[in-house]
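1. Give me a model of this one.
(chains A and B)
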Amino acid sequence: GAVVSQHPSWVICKSGTSVKIECRSLDFQATTMFWYRQFPKQSLMLMATSNEGSKATYEQGVEKDKFLINHASLTLSTLTVTSAHPEDSSFYICSRTSGREETQYFGPGTRLLVL
Amino acid sequence: SQQGEEDPQALSIQEGENATMNCSYKTSINNLQWYRQNSGRGLVHLILIRSNEREKHSGRLRVTLDTSKKSSSLLITASRAADTASYFCATVLTGGGNKLTFGTGTQLKVEL
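-> Residues are numbered from 1 along each chain as shown, chains lettered A, B, ... in the order given. Model prediction:
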């Protein structure tokens, strides 16, 4: 069964609004989770590493004030897309490490459409 | 820049045939992993091969790794329609902690 869940699975919003995406580790206390973005027919690009109890580590070129990450508990990380614009429309996927920290378990993804 | 390039970008075969996908990367790695993604879904881990390994098998999957050429291949034998998906290689770079850097992916279509 699934070990990582995401909510919502899809969201449509107006330009300028903020959208929060939740990522839950269902069976494991994850001190580290990852957020990726995937454009249609493209690969996954790592956005940030979410660290429980501390600040997220963002990849180069990812605006931390635009994509707010909160990892307040060992089972929940949230990504908030602030003041979303049409170019933020994408498929957002989270993951957690497997425990041995070599492989990752991925959530089912959240499709965001900003009108 | 993206770490891995995969080829072919798309592959269409008949059920029962073998499918081979290739992945190239640019820098030193700890391990290389292959993932599968069904359309519009999350990724599923398939197999991991470490930098000191040359070949690994798991069921109908065979993965090779050539660190001198910085390349890997994924072979799916006796393909099935249910194997239709996108396949991505991902590398854990030396000194990169547990971050994955994904390749461009291969879209595989297996037709009946």
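2. how much space between the residue lying closest to residue B:111 once chain neighbours are set aside and chain A?
-> Closest residue to residue B:111 apart from its sequence neighbours, by Cβ to Cβ, 6 or more residues apart in numbering or on different chains: residue B:14 at 5.7 Å. C-beta here means a position set from N, CA and C on the backbone, and glycine is covered the same way. Residue B:14 sits 23 Å away from chain A, going by Cβ to the nearest Cβ, to the nearest Å.
3. Tell me the spacing between residue B:14 and residue B:80.
-> The gap separating residue B:14 from residue B:80 is 11 Å, by Cβ to Cβ, to the nearest Å.
4. what about residue A:7, how many neighbours?
-> 14 (other Cβ atoms under 10 Å in any protein chain shown).
5. list the contacts for it?
-> Residues near residue A:7 by Cβ atoms under 8 Å, 6 or more residues apart in numbering or on different chains: A:21, A:22, A:24, A:110.
6. Name the residues of chain B found near chain A, please.
-> Chain B comes close to chain A at residues B:2, B:31, B:33, B:35, B:40-45, B:48, B:88, B:92, B:98-105, B:107, as judged by Cβ under 8 Å from any Cβ of the partner chain.
7. which among the residues you listed end up buried?
-> Buried by 16 or more other Cβ atoms under 10 Å in any protein chain shown: B:31, B:33, B:35, B:41-43, B:45, B:48, B:88, B:92, B:98-105, B:107, out of the residues of chain B next to chain A.
8. so what's in contact with residue B:14 and residue B:80 at the same time?
-> With Cβ under 8 Å, 6+ apart as the test, residue B:14 and residue B:80 both reach residue B:110.
9. tell me the pLDDT at the residue nearest to residue B:111?
-> Per-residue confidence (pLDDT) for residue B:14: 97.
10. Backbone dihedrals for it, please?
-> phi -90, psi 150 (degrees, to the nearest 10).
11. ok, now which ones touch it?
-> Counted by Cβ under 8 Å, 6+ apart, residue B:14 has contacts B:110, B:111, B:112.
12. top of these by neighbour count?
-> Neighbour max across the contacts of residue B:14 (other Cβ under 10 Å) = residue B:110, 20 neighbours.
13. Make sure it is actually in contact with residue B:87.
-> No. Using Cβ atoms under 8 Å, residue B:110 makes no contact with residue B:87, being 11.7 Å away.
14. circling back: for chain B, state which of the contacts of residue A:7 is nearest.
-> residue A:110 (10.0 Å; Cβ to the nearest Cβ).
15. What ranges does the chain have for its strands?
-> Chain wasn't specified; assuming chain A. Taking DSSP state E as the test, the strands found in chain A are A:4-7, A:10-13, A:19-25, A:32-38, A:44-51, A:57-58, A:67-73, A:76-81, A:90-97, A:104-106, A:110-114.
16. The intended chain is chain B.
-> Using DSSP E, strands in chain B cover B:5-7, B:10-14, B:19-24, B:29-37, B:43-50, B:55-58, B:61-66, B:71-76, B:85-93, B:101-102, B:106-111.
17. rank those strands by mean pLDDT and give me the bottom one.
-> Minimum mean pLDDT among those: strand B:5-7, a mean of 89.
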